[in-house]
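*Asks:* Here is a sequence together with a model predicted from it:
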Amino acid sequence: MNTTPQARKTKGLFGKLRSSVAIAAADAATWASRKAGRGAGGMIGGLVAGAIDPNLMANLGPGTNGAHRPTAIVTGTNGKSTTTRMLAKAAQTTRAVATNEGGDNMDAGVISALLAGRTAETVVLEVDELHVPAIAEKLDADVLVLLNLSRDQLDRVGEINKIERTLRACVETRPDMTVIANCDDVSVTSVAWDSPNVVWVSAGFGWAGDSTSCPRTGGAIIHETREDGIVDWYAVKKLPDGREFRRPEPTWRITDEGVVVEKGAVTEEGTYPLNLKLPGNANRGNATQAIAAALALGIGVTIDDAITAAEQVDNVAGRYSTVHFDGHDVRLMLAKNPAGWQEALSMVDRTADSLVISVNGQVADGQDLSWLWDVRFENFESVHVVAAGERGTDLAVRLGYAGVEHELIKDTVEAIRQCPPGRVEVLANYTAFRDLKRVLDRDGTVVSDTTAPSEGKES
């Protein structure tokens, strides 16, 4: 192999030229996508650039001056987009931030975010669980936020234990990376268990259906409610090295009163009120992890600024937004797996006039919808319910067994039109949400501010 200085110089020049061509092609593809009304261009630009230059992501990691940029990665089954938005807003109180706020969380979306934020001083990204190891390595991530792990698109990503092992290996190979981990989630705790730089956060975990066994031993997990109301857990079977595997004591936790910071955290201990615009206990947990991560980045963000930033987030890619459409005030919510559906159902306003539940079964949704039978759809006696979506019949059967009176109108837009005038709650999975959002963006009137989703996957 020729390793002369001239050969290395030629190789370096070729690499720079290749990257320049990739960036120019990405910019052109993004512009064309937006001009054609196909979306924000976040995916296509990154796909084109990555195909031309496979090393582009690593080359874009450093800033324009070539120095390493503080980088945080957010991952988990649910809440990535919300937590990333809150963390990015917090980081923006001290630095310019490159982030994939449209929800494109695989290689192409990350490349696109880095291209758009070439001059930013900090990087905050949501990343698909299976893509975390490679992206963390290429960008030399400083902080990894682990939210939760539960069943999601089994036909694409496989069982939870596979994801847990993948993330655990990433943490083991990056001992200097700070891990912000939800200690209420058994699988997340297993991922972060041996990290020398873990920050435990009690962010809550409303779905326990996938936390019945220990990922490391296979033994049963026992959940117990303590006198202080905290749900503790522990594994019946000890680890091979004799240690007991149980819920760690957190230095951060969310309560009804706000964010509680315990002694040993990187900020002053105490209780800090948290008043989010976003609904649900899950979003309060997401905010707590985002706040902890903002301080862990070491870029001068204060806890007060981080809390204020989280409180300002009022929607994420159109979720929780309200649109006036054809005599109805339509509030949009997104869910895509049992844990997410259970949480979203708890956010439904029971005083609304109607509830439209829309389910598709496309590749981006996961074509296996057997999870519908794990979600509790009961207790909607006072709401007019409509089953919709390409897989509306599957949903209607499930609602029937749950004893929920409902109509079946597969076209989601028509389902809304057929509802009595008034407030309509819409709960949809990914492609059903995306397709409806396009119609409402075109024909509706925004009641609350929204951010249009790109054509990429968001979660």
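*Replies:* Nice, I can see it.
*Asks:* in this structure, which segments are predicted with low confidence?
*Replies:* Low-confidence segments of the chain (pLDDT under 70): 1-19, 22, 24-43, 45-46, 50, 152-158, 207-209, 448-459.
*Asks:* the domain parsing of it - what is it?
*Replies:* Structural domains assigned to the chain are 54-312, 322-443, following the TED database.
*Asks:* Of all those domains, which one is nearest V48?
*Replies:* Closest approach to V48 among the domains of the chain is made by domain 54-312 (8.5 Å; C-beta to C-beta). The way it works is simple: take the backbone N, C-alpha and C, and place the C-beta from them, glycine included.
*Asks:* Test my guess that I180 contacts A141.
*Replies:* No - the criterion here is C-beta atoms under 8 Å, and I180 misses it with A141 at 11.7 Å.
*Asks:* quick one, which of those two is more surrounded?
*Replies:* Legend: neighbour count by other C-beta atoms under 10 Å for I180 and A141, higher for I180 (31 against 22).
*Asks:* Torsion angles phi and psi at that one?
*Replies:* The phi/psi pair for I180 (degrees, to the nearest 10) reads phi -100, psi 100.
*Asks:* show me the contacts for it.
*Replies:* 143-146, 199, 201, 289, 292-293, 296 (C-beta atoms under 8 Å, 6 or more residues apart in numbering).
*Asks:* again, only using 6 Å
*Replies:* 145, 199, 289, 292-293 (C-beta atoms under 6 Å, 6 or more residues apart in numbering).
*Asks:* which one of the residues you listed is nearest D107?
*Replies:* The closest of the contacts of I180, once distances to D107 are taken by C-beta to C-beta, is V145, at 19.1 Å.
*Asks:* residue ranges for the helices of the stretch 51-200 of the chain, please.
*Replies:* Along the stretch 51-200 of the chain, counting by DSSP state H, counting those that start in this stretch, helices occupy 56-60, 80-91, 107-116, 132-139, 154-157, 160-173, 186-192.
*Asks:* Let me know the angle separating the third one from helix 132-139.
*Replies:* Inter-element angle recorded for helix 107-116 and helix 132-139: 30 degrees (by axes from the mean of the first three to the mean of the last three C-alpha atoms, to 10 degrees).
*Asks:* roughly how far apart are the closest residue to P196 other than its chain neighbours and V198?
*Replies:* Counting by C-beta to C-beta, 6 or more residues apart in numbering, P196 lies nearest to P175, which is 5.4 Å off, once chain neighbours are set aside. Plainly put, P175 is 11 Å away from V198 if you go by C-beta to C-beta, to the nearest Å.
*Asks:* neighbour-wise, which of the two wins?
*Replies:* V198 (22 against 11).
*Asks:* Could I get the contacting residues of the more buried one?
*Replies:* Neighbouring residues of V198 by C-beta under 6 Å, 6+ apart: 179, 181, 192.
*Asks:* same deal with L125?
*Replies:* 73, 100, 110.
*Asks:* Relative to G361, how far out is it?
*Replies:* Following C-beta to C-beta, the distance that separates L125 from G361 is 28 Å.
*Asks:* just G229 next, same as before
*Replies:* 39 Å.
*Asks:* neighbour count winner among the two?
*Replies:* G361 (17 against 8).
*Asks:* show me where the stretch 201-350 of the chain has strands.
*Replies:* In the stretch 201-350 of the chain, the strands defined using DSSP state E, counting those that start in this stretch lie at 221-225, 231-235, 252-255, 258-261, 270-272, 322-325, 328-334.
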